[in-house]
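Colleague: Just the structure for this:
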Amino acid sequence: MSAMANQRPNVPLTLAINDSDQVRDLVSGRVAVDGVDLTCLLYPVEEIFFRFTKFREWEVSEMSLGKFTALRSRGDTSIIGLPVFPSRSFRHSGIFVRADGPVDDPAALAGARIGIPEWTVTATVYQRGLLEHEYGIPLHEVSWVQAGINSPGRVETLPVGLPPGVEIDQRPDATLNDLLLAGEIDAMLVPHPPRSFEDRSGEIVQLFSEPRRVEREYFQRTGVFPIMHLIVLRADAFAAHPWIAMNFLKAFGEAKDRSLSRLRDATAPHFPLPWGPERAKEDEQIFGADLWPYGIEANRTTLETFLGFALEQGLLERELAVDDLFPDEVREAFRI
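Modeller: Next comes the predicted model:
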């Protein structure tokens, strides 16, 4: 019997992920996952998280770091984390106030009414951590309001644990955008800008007038580059084929490295951003050659910071270590 006849067919798996350049070559098939026939579904992250959290409709998924760690702390082993982080973003820039509000004075939010889309949204975990640890605002002294950012009806997709003294006023009838304009809240912590900021009307502004400067200083001082999302595997697929964990990690890494090469290419720029390659070189002076690191060790400081915030904020039911998030198969690599 020939070697070809003995060759096993690839494992068919489906990945749901947001459309971003760092995964483009994986989605297009230019970068293959060894041993896998991959079907890719491109959806907005809100749809991905809702459908995967509720129904586990596919085997491989982008997922909120907050929701994943909350589930893991509750003993849920139905999904397996990979140290692949397709979305990360500094979050000082996602705190919004009215134009007549306390611009550049975060300490003035002590005792305020602050809106959030969900307590378990990863961005808000970091932002609440900033308020408490950077600006001295105890979370139990804030009046929290939960609502959709621009659309009413948003609710928590996971049961919410809260730290002592913290209460949330749920407003499914309202939007944070309208509540802020009406003066019913004083600020909002959000992953997506509100409508009245995006329309450039000037009614809603960022808390920090120079957010990039503030965020750069924060990174240089703490080493924290906030991770929003990770890639997860459904546990049944991982149990059947444990080799897929490392193979996905390698493929995602290659796709990301190709994206960074495009970013640096000044001959024929790949991104419609003036001085994009020059800006990448500037950022390398801050972040190093890998502007978007995957893997455990390169992200340990950020992950430890997030887990600390999440535990303090009641998102986690028990303390987690970074190594609790990922299987042995991706913690070690061969060396030549």
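Colleague: ok, now how distant is R91 from L307?
Modeller: Between R91 and L307 the distance is 16 Å, computed by Cβ to Cβ, to the nearest Å. The way it works is simple: take the backbone N, C-alpha and C, and place the C-beta from them, glycine included.
Colleague: ok, which stretches of the stretch 101-250 of the chain are helices?
Modeller: 122-129, 176-181, 195-198, 211-222, 235-240, 244-264 (DSSP state H, counting those that start in this stretch).
Colleague: can you count the residues close to P138?
Modeller: The number of residues packed around P138, counting by other Cβ atoms under 10 Å, is 13.
Colleague: for A266, same thing?
Modeller: Residues near A266, counting by other Cβ under 10 Å: 12.
Colleague: So for it, what's the pLDDT?
Modeller: With respect to pLDDT, A266 scores 91.
Colleague: picking that back up, point out the most buried one among the helices of the stretch 101-250 of the chain.
Modeller: Ranked by mean neighbour count, the helices of the stretch 101-250 of the chain are led by helix 122-129 with a mean of 26 (mean count of other Cβ atoms under 10 Å).
Colleague: From F309, how far off is the closest residue to G81 other than its chain neighbours?
Modeller: Once flanking residues are discounted, G81 sits nearest to L325: 4.6 Å by Cβ to Cβ, 6 or more residues apart in numbering. Computed as Cβ to Cβ, the L325 to F309 distance reads 15 Å.
Colleague: Y126 too?
Modeller: 7 Å.
Colleague: Then D236?
Modeller: Using Cβ to Cβ, D236 is found at 31 Å from F309.
Colleague: With T120 instead?
Modeller: 12 Å.
Colleague: what stretches of this structure score poorly on pLDDT?
Modeller: Applying pLDDT under 70 to the chain flags residues 1-6, 158-159, 332-336.
Colleague: Repeat the analysis, applying 90 as the threshold.
Modeller: 1-8, 46, 50, 120, 154-162, 268, 273, 331-336 (pLDDT under 90).
Colleague: Show me the residue sitting in the middle of it in space.
Modeller: M228 (1.1 Å; Cα atoms, centre = their mean).
Colleague: Provide the count of other residues in contact range of the residue lying closest to that residue once chain neighbours are set aside.
Modeller: Once flanking residues are discounted, M228 sits nearest to S87: 4.2 Å by Cβ to Cβ, 6+ apart. Neighbours of S87 under the rule other Cβ under 10 Å: 21.
Colleague: Need the three-state assignment for S87.
Modeller: strand (DSSP: H, G, I helix; E, B strand; the rest coil).
Colleague: how about it, what does it touch?
Modeller: Taking Cβ atoms under 8 Å, 6 or more residues apart in numbering, we find S87 in contact with N18, S20, V45, E62, I227, M228, H229.
Colleague: returning to what we had before: just checking, the residue nearest to G81 touches R72?
Modeller: Yes: the pair L325 / R72 is scored as a contact, 6.5 Å apart, by Cβ atoms under 8 Å.
Colleague: where do the contact lists of these two overlap?
Modeller: By Cβ under 8 Å, 6+ apart, L325 and R72 have these common neighbours: G81.
Colleague: Could you pull up the residues touching T301?
Modeller: T301 neighbours (Cβ under 8 Å, 6+ apart): T222, G223, V224.
Colleague: got it, and V232?
Modeller: Here V232 is in contact with F52, V60, S61, E62, M63, F68, I79, I80, G81, L82 (Cβ under 8 Å, 6+ apart).
Colleague: Tell me which stretches of the chain form strands.
Modeller: For the chain, strands defined by DSSP state E occupy the ranges 11-17, 36-42, 60-64, 79-88, 95-98, 113-116, 143-148, 168-175, 187-189, 204-206, 227-234.
Colleague: just so I know, which of the ones you listed lies nearest A255?
Modeller: strand 79-88 (9.6 Å; Cβ to Cβ).
Colleague: Direction included, what does that closest one pair against?
Modeller: Counting by DSSP bridges, the strands paired with strand 79-88 are strand 227-234 (antiparallel).
Colleague: Report the angle between the strand it pairs with and strand 60-64.
Modeller: Here strand 227-234 runs at an angle of 150 degrees relative to strand 60-64 (axes from the mean of the first three to the mean of the last three Cα atoms, to 10 degrees).
Colleague: And the contacts of stretch 17-37?
Modeller: Applying Cβ under 8 Å, 6+ apart, the set of residues contacting stretch 17-37 is 9-13, 15, 38, 40-45, 48, 61-62, 86-87, 229, 231, 241, 243-244, 247-248, 250-252, 254-256, 258-260, 262-263, 270-271, 292.
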